[in-house]
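Chemist: Have a look at this fold, sequence not included:
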Ligand SMILES: Nc1ncnc2c1ncn2[C@@H]1O[C@H](COP(=O)(O)OP(=O)(O)O)[C@@H](O)[C@H]1O
Ligand SMILES: O=P(O)(O)O[C@H]1O[C@H](CO)[C@@H](O[C@H]2O[C@H](CO)[C@@H](O)[C@H](O)[C@H]2O)[C@H](O)[C@H]1O
């Protein structure tokens, strides 16, 4: 349980009228929320200088014999930036609180002379049941400020609409929170909120309602806050629950354990099965892109060309990323002690002119390929393995980008680059960081890792392109495909370099090697 300090909440009002107790809210904002939010895995502002926490709105949702409040918590930072988070709260009497997960307890409270706890309503069964009911009945709950709209999707079976269903909260180690219903439905509550429809809802709804692509969990509903004359804010999304064994990052890691064992015994061996699984993932990736290729669709999904606006956008993004990473590397260079990492960092810095020249080509090169909506943050961790197939999840887009940028159309080769980088990560993490290979000749280890990566990358790419048939509807010719793939591989590896410097300094050599691989390809093209 989060530590309950002497700070607790008290009110003479009934919980259902608690919104009118200004003093209680003021105490909640100044004395409870700062420490509670900073203890939550989903709160992204922990490393920043926070100036205030404020409940900007509290939307009422009826639950059994009471109400829950969807608190929209505004967090202000020292640079004037503001973020908004969703924190649903309810009050539970002490005698009922045993079933509540300790992470869900926000504060001890005396409300209308009843002793209990203000809790994160995610963990309150009454709230879980209320959300499921509202979604199944596609209701709207009117507020002082707009309404909360519940939408029912095709993925929700008619038979579940009025039938009893069990529910529970999941404790995820991720940036959002989830609850499950009867092992059949997975409801994600978005924690960080944006004044726009979440791209994930758009993507899952489009794929479920307008395509036959079956390798996503079907859209079962959404929760949205609609205010007058304001953009809507997505609060949650429900999908079918996937009975999965692991994600493909974990699965690839297990396959690589076999590879490393064989390698230590001086054998280079990749099981045939591994190639079939890579091919199947490539096929599902291509099928997802085919489903998203909808020239006749509404503007949000209709195909676009490589026009000047996009060329300038992607060029600026790449150049900004490069500048930030060069500065970071210059700052950190003397503290890099590992000679391999140092050499790779040096190669990257030395190739600045070559990379800049290559990036500039995006502004002028003839490009007749097309752009569509894509997954946007595609890597092995975003694919669930069901035993004999794959289900693709988490269409929220790259966490570092704004919501508007996450909806920009790209060549689907950006997703392909994401997955190829992920295979490179998987083999590198295993070979370069594992105990079994620690005492082996580094050159031999690197050569075997490179071979594995190339074989897997070719297998993935060939199957991916083959799945579309000829002529390819989205890629004009091999020359363009190779160029765009290199641009996106470079962009992704440069992005990852920043991520690793901040979060996993021991892994910095992995994206650096990815960047150097691209540099070698650019050099070959110039020969
Ligand atoms: N439809 C689903 N069925 C079963 N498990 C799921 C489903 N969607 C997500 N998960 C599980 O929840 C985890 C987090 O989901 P994800 O969409 O990546 O959330 P986040 O946006 O918080 O990163 C996944 O790694 C997976 O284990
Ligand atoms: O899944 P997230 O949206 O949180 O993505 C972030 O974290 C990822 C790490 O979990 C990071 O992915 C990088 O590491 C993965 C292995 O841990 C690897 O499979 C990916 O290819 C690599 O990019 C991702 O970049 C970051 O945005």
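Modeler: It's in. What you are looking at is a predicted structure, and each value in this text was computed from that prediction instead of being measured. Ligands and ions are numbered 1, 2, ... in the order given.
Chemist: from here on, contacts and neighbour counts on C-alpha atoms
Modeler: Fine.
Chemist: Could you pull up the mean pLDDT of stretch 196-210?
Modeler: Average pLDDT, stretch 196-210: 94.
Chemist: I meant to write stretch 420-432 there.
Modeler: On average, the pLDDT along stretch 420-432 is 94.
Chemist: With stretch 485-501 instead?
Modeler: For stretch 485-501, the mean per-residue pLDDT is 94.
Chemist: anything in it sitting right up against ligand 2?
Modeler: Yes. Judged by CA under 6 Å from any ligand atom, stretch 485-501 comes into contact with ligand 2 through residue 496.
Chemist: Neighbours of the one residue in the stretch 101-250 of the chain that gets nearest to ligand 2, how many?
Modeler: The stretch 101-250 of the chain approaches ligand 2 most closely through residue 249 (6.4 Å), counting by CA to the nearest ligand atom. By other CA atoms under 10 Å, 19 other residues sit near residue 249.
Chemist: And the helices in the stretch 101-250 of the chain?
Modeler: Assigned by DSSP state H, counting those that start in this stretch, the helices in the stretch 101-250 of the chain fall at 125-136, 199-210, 248-264.
Chemist: Does residue 100 touch residue 123 like I think?
Modeler: Yes. If you go by CA atoms under 8 Å, residue 100 and residue 123 touch, sitting 6.0 Å apart.
Chemist: Those two: who's more crowded?
Modeler: More crowded of residue 100 and residue 123, by other CA under 10 Å: residue 123, with 26 against 20.
Chemist: So what does residue 191 look like in phi/psi?
Modeler: Backbone dihedrals for residue 191, given as degrees, to the nearest 10, come out at phi -90, psi -50.
Chemist: Make 715 the first number, not 1, from now on.
Modeler: Done: numbering now begins at 715, and the last item shifts to residue 905.
Chemist: Quick one: residues contacting it.
Modeler: 756, 757, 799, 800, 801, 889, 890, 891, 949 (CA atoms under 8 Å, 6 or more residues apart in numbering).
Chemist: Contact partners for residue 807?
Modeler: 828, 829, 830, 831.
Chemist: now do 10 Å
Modeler: By CA atoms under 10 Å, 6 or more residues apart in numbering, the contact set of residue 807 is 822, 823, 824, 825, 828, 829, 830, 831, 832.
Chemist: quick one: common contacting residues for residue 814 and residue 837?
Modeler: Contacts common to residue 814 and residue 837, judged by CA under 10 Å, 6+ apart, are residue 883.
Chemist: Neighbours of residue 987, how many?
Modeler: 10.
Chemist: what do you get for the one 5 residues further on?
Modeler: Here the number of neighbours of residue 992 (other CA under 10 Å) works out to 20.
Chemist: ok, now how distant is the most far-flung residue of the chain relative to its centre from residue 724?
Modeler: Distance from the C-alpha centroid of the chain peaks at residue 827, with 43.1 Å (CA atoms, centre = their mean). According to CA to CA, to the nearest Å, residue 827 stands 8 Å off from residue 724.
Chemist: what does residue 1203 give?
Modeler: 55 Å.
Chemist: Could you give me the buried positions within the host helix or strand of residue 738?
Modeler: Residue 738 is part of helix 736-741, with elements assigned from DSSP states H and E. Buried residues in helix 736-741, counted by 16 or more other CA atoms under 10 Å: residue 739.
Chemist: Run through the stretch 915-1064 of the chain and note the low-pLDDT ranges.
Modeler: Counting by pLDDT under 70, the stretch 915-1064 of the chain shows no low-confidence range.
Chemist: Enumerate the residues of it near ligand 1.
Modeler: Neighbours of ligand 1 within the stretch 915-1064 of the chain, by CA under 6 Å from any ligand atom: 931, 953, 954, 955, 956.
Chemist: Can you check what angle separates the top strand by length along the chain from helix 839-850?
Modeler: For the chain, the strand with the greatest residue count under DSSP state E is strand 764-777. If you take axes from the mean of the first three to the mean of the last three CA atoms, to 10 degrees, strand 764-777 sits at 70 degrees to helix 839-850.
Chemist: tell me the SS of the spatially closest residue to residue 974 that is not a sequence neighbour?
Modeler: Leaving out its chain neighbours, the residue that sits closest to residue 974 by CA to CA, 6 or more residues apart in numbering is residue 1145, at 7.1 Å. Secondary structure, DSSP: H, G, I helix; E, B strand; the rest coil: residue 1145 is helix.
Chemist: okay, now residue 1145: neighbour count?
Modeler: 23.
Chemist: Show the contacting residues for it.
Modeler: Taking CA under 10 Å, 6+ apart, we find residue 1145 in contact with 970-971, 973-974, 977, 1139, 1151-1152, 1156, 1159-1160, 1162-1163.
Chemist: average pLDDT across the strand or helix carrying residue 1225?
Modeler: Assigned by DSSP H and E, residue 1225 belongs to helix 1223-1240. In this model, helix 1223-1240 has an average pLDDT of 94.
Chemist: Packing partners of that helix?
Modeler: If you count contacts as 3 or more CA pairs under 10 Å, 6 or more residues apart in numbering; DSSP states H and E, helix 1223-1240 packs onto helix 1053-1064, helix 1066-1078, helix 1127-1147, helix 1192-1217.
Chemist: Residue 768: which of those is closest?
Modeler: Smallest distance to residue 768 across the helices and strands packed on helix 1223-1240 (CA to CA): 28.8 Å, for helix 1192-1217.
Chemist: could you check the angle helix 1127-1147 makes with that closest one?
Modeler: Our comparison of helix 1192-1217 with helix 1127-1147, counting by the same axes, to 10 degrees, yields an angle of 50 degrees.
Chemist: Can you tell me which of the contacts of residue 807 are buried?
Modeler: 822, 823, 824, 825, 828, 830, 831, 832.
Chemist: Which pair of those spans the longest distance?
Modeler: 828 and 832 (11.6 Å).
Chemist: Name the residues contacting each of those two.
Modeler: With contacts defined as CA under 10 Å, 6+ apart, the residues shared by residue 828 and residue 832 are 729, 805, 806, 807, 808.
Chemist: List the contacts of whichever residue of the chain sits closest to ligand 2.
Modeler: The chain approaches ligand 2 most closely through residue 1136 (3.2 Å), counting by CA to the nearest ligand atom. The contact partners of residue 1136, taken as CA under 10 Å, 6+ apart, are 963, 1092, 1093, 1094, 1095, 1130, 1142.
Chemist: can you redo those as a markdown table with distance to residue 1102?
Modeler: Output for those, formatted as a markdown table (distance: CA to CA, whole Å):
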| residue | distance to residue 1102 |
| --- | --- |
| 963 | 16 |
| 1092 | 20 |
| 1093 | 19 |
| 1094 | 16 |
| 1095 | 17 |
| 1130 | 21 |
| 1142 | 26 |
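Chemist: Which one of those is nearest to residue 1075?
Modeler: Among these, and counting by CA to CA, the member closest to residue 1075 is residue 1130, at 20.5 Å.
Chemist: Isn't that closest one up against residue 1094?
Modeler: No. Using CA atoms under 10 Å, residue 1130 is not in contact with residue 1094, being 11.2 Å away.
Chemist: How many neighbouring residues does residue 1161 have?
Modeler: Residue 1161 has 11 neighbours, counted by other CA under 10 Å.
Chemist: any idea which helix or strand carries it?
Modeler: Using DSSP H and E, the element containing residue 1161 is helix 1156-1182.
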